[in-house]
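Trainee: Quick one: sequence plus predicted model below, questions after.
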Amino acid sequence: MDDRYQYLLLMAGCLLITLPLEFLLRARVYRRPRRLLLALLPTLVVFLAWDALGIVRGHWWYSLEYTTGIRPARVPLEEYVFFLVIPVCGLLTYEAVGTVLGWLREGRGRDA
């Protein structure tokens, strides 16, 4: 396998692993696209700007061996994907945990 795509495959794996939370635990993250966009936008703006600034100033760099070489605004595509995927996975997990805790609270209420 080409090393340049490993990171993107890892991000796809993260999405695939957390996708069932949307349906099985009713996370409702993808079903509310406007809320999702509003949650993602600040993260994308701040961290992509931070990355771009760090790259321009020479504070850090990304290996061409392990990235696709696609670099909009000097930031590797993989960073854009990371700042989209990881918050989505986090939101899915957060909402799923909230659903489970709600079910547990309801169950305790019935037992009392």
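Mentor: Ah, there it is. Just so we're clear, the structure is a prediction, and the values are computed from it rather than from any experiment. Numbers count the residues shown, from 1 in each chain.
Trainee: In this structure W61 contacts D51, no?
Mentor: No - under the criterion of CB atoms under 8 Å, W61 is not in contact with D51, lying 10.7 Å apart. (Each C-beta comes from the backbone N, C-alpha and C, glycine too.)
Trainee: more neighbours, these two?
Mentor: Counted by other CB atoms under 10 Å, W61 and D51 do not tie: D51 has more neighbours, with 21 against 9.
Trainee: Just give the nearest non-adjacent residue to that one, would you?
Mentor: Residue nearest to D51 in three dimensions, not counting chain neighbours: V75, with 4.9 Å by CB to CB, 6 or more residues apart in numbering.
Trainee: OK, contacts around that neighbour?
Mentor: Applying CB atoms under 8 Å, 6 or more residues apart in numbering, we find V75 in contact with L48, D51, A52, I55.
Trainee: Could you grab the helix/strand/coil label for the third one?
Mentor: Here A52 is recorded as helix under DSSP: H, G, I helix; E, B strand; the rest coil.
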